[in-house]
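A.B. asks: fold the following.
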Amino acid sequence: MDTLYIVKIGGNIIDDETRLQEFLTSFAAINGKKLLVHGGGKLATRLADQLQIPQQMVDGRRITDQETLKIVTMVYAGLINKQIVAKLQSLQCNAIGLSGADGNVIQSHKRQNAGLDYGFVGDVDAINSDLLNTLLQAGHTIILSPITHNKQGLLLNTNADTIAQETARAMSKHYAVQLIYSFEKAGVLLDADDDSTVINQINPVYYEELKAEQKIFAGMIPKLDNAFAALKSGVSKVIIGKAEQLHDLITGKTGTSIVNE
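C.D. replies: Numbering: from 1, shown residues only. Next up is the predicted model:
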């Protein structure tokens, strides 16, 4: 079975032109089939400020009202997605950018939460893995933005980490999938401010110990939850580490490997 590399790129890298270029150069150089999932960085927030549209964040998640949905769709599925595609084309990587609505790639539903209304935020229902496979087999590199749809005409803002995990799970029937969460840190760290404290490998037992001892900072827990969920769903390997060291992440020289046993 062929390998498919699914890479999720963090917002802090998107916000940094130099680091983004370094990452995309490494990504373009990956041999074989690859798919990139990106978030939005801070551009949507800056644009909302310029347009005087108030933004509300709860536990790091954006409350997406109707006006904010317009902004994130323009920024995530528009400007950022197409900038990444254009940069990859300049690196001789034939990329195609998609939102979840294109080709019914990512179908979702509006999040239901009794305690808090997240607005137009989506939770993933289905990934059109057959279409993604067709595009990959045709030689395209796929760039997915975190805008999905509910197949009833409604666009929804959706967590990019979750999209990466759900896409990896869906594509596991076609490929041996390696899921890579790449961001500004060197991996999962015992000290969030010290890149030399990378944990090389985490299994479920060790993960529970780290959480119980509060040795993992809060922002990493959703990534790790998604990583273990992906492994249980057939993904071959999950790696977390620094975006600019993508080649070393793939070859196991750096980063944190998430394993089932």
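
A.B. asks: what about the residue sitting furthest away from the middle of the chain, distance to residue 67?
C.D. replies: Within the chain, the residue lying farthest from the chain centre (Cα atoms, centre = their mean) is residue 52, at 28.1 Å. Look at residue 52 and residue 67: by Cβ to Cβ, to the nearest Å, they are 10 Å apart. Where C-beta positions appear, they are placed from N, C-alpha and C, glycine not excepted.

A.B. asks: any idea which element residue 85 lies in?
C.D. replies: helix 81-90 (DSSP states H and E).

A.B. asks: paired strands for the next helix or strand after that helix, with orientation please.
C.D. replies: The helix or strand immediately downstream of helix 81-90 is strand 95-98, counting by DSSP H and E. Looking at strand 95-98 with DSSP bridges, its partner strands are strand 141-144 (parallel).

A.B. asks: which pLDDT value goes with the closest residue to residue 203 other than its chain neighbours?
C.D. replies: In this structure, residue 203 finds its nearest non-sequential neighbour in residue 259, 5.2 Å apart by Cβ to Cβ, 6 or more residues apart in numbering. Note for residue 259: predicted pLDDT of 88.

A.B. asks: any idea how far residue 219 is from residue 259?
C.D. replies: Distance, residue 259 to residue 219, by Cβ to Cβ: 21 Å.

A.B. asks: of these two, give the one with the bigger neighbour count.
C.D. replies: Ranked by neighbour count (other Cβ atoms under 10 Å), residue 259 and residue 219 place residue 259 first, with 15 against 12.

A.B. asks: quick one: mean pLDDT for the host helix or strand of residue 162?
C.D. replies: Using DSSP H and E, residue 162 maps to helix 160-171. Average pLDDT, helix 160-171: 94.

A.B. asks: if I read this right, residue 61 contacts residue 123, doesn't it?
C.D. replies: No. Using Cβ atoms under 8 Å, residue 61 is not in contact with residue 123, being 11.9 Å away.

A.B. asks: the worst-scoring helix or strand of the chain on mean pLDDT pairs with which strands, and in what direction?
C.D. replies: Taking mean pLDDT, DSSP states H and E as the measure, the chain has strand 61-63 as its least confident helix or strand, at a mean of 77. Strand 61-63 sits in its sheet next to strand 56-58 (antiparallel), going by DSSP bridges.

A.B. asks: show residues contacting the partner strand.
C.D. replies: 62, 63, 65, 116, 118 (Cβ atoms under 8 Å, 6 or more residues apart in numbering).

A.B. asks: ok now it, how far from the chain's centre?
C.D. replies: 20 Å (Cα atoms, centre = their mean, to the nearest Å).

A.B. asks: now that strand: mean pLDDT?
C.D. replies: The average pLDDT for strand 56-58 rounds to 80.

A.B. asks: so how far is the helix or strand harbouring residue 70 off the chain centroid?
C.D. replies: Element membership of residue 70 [criterion: DSSP H and E] is helix 66-72. With Cα atoms, centre = their mean as the basis, helix 66-72 stands 20 Å off its chain's centre.
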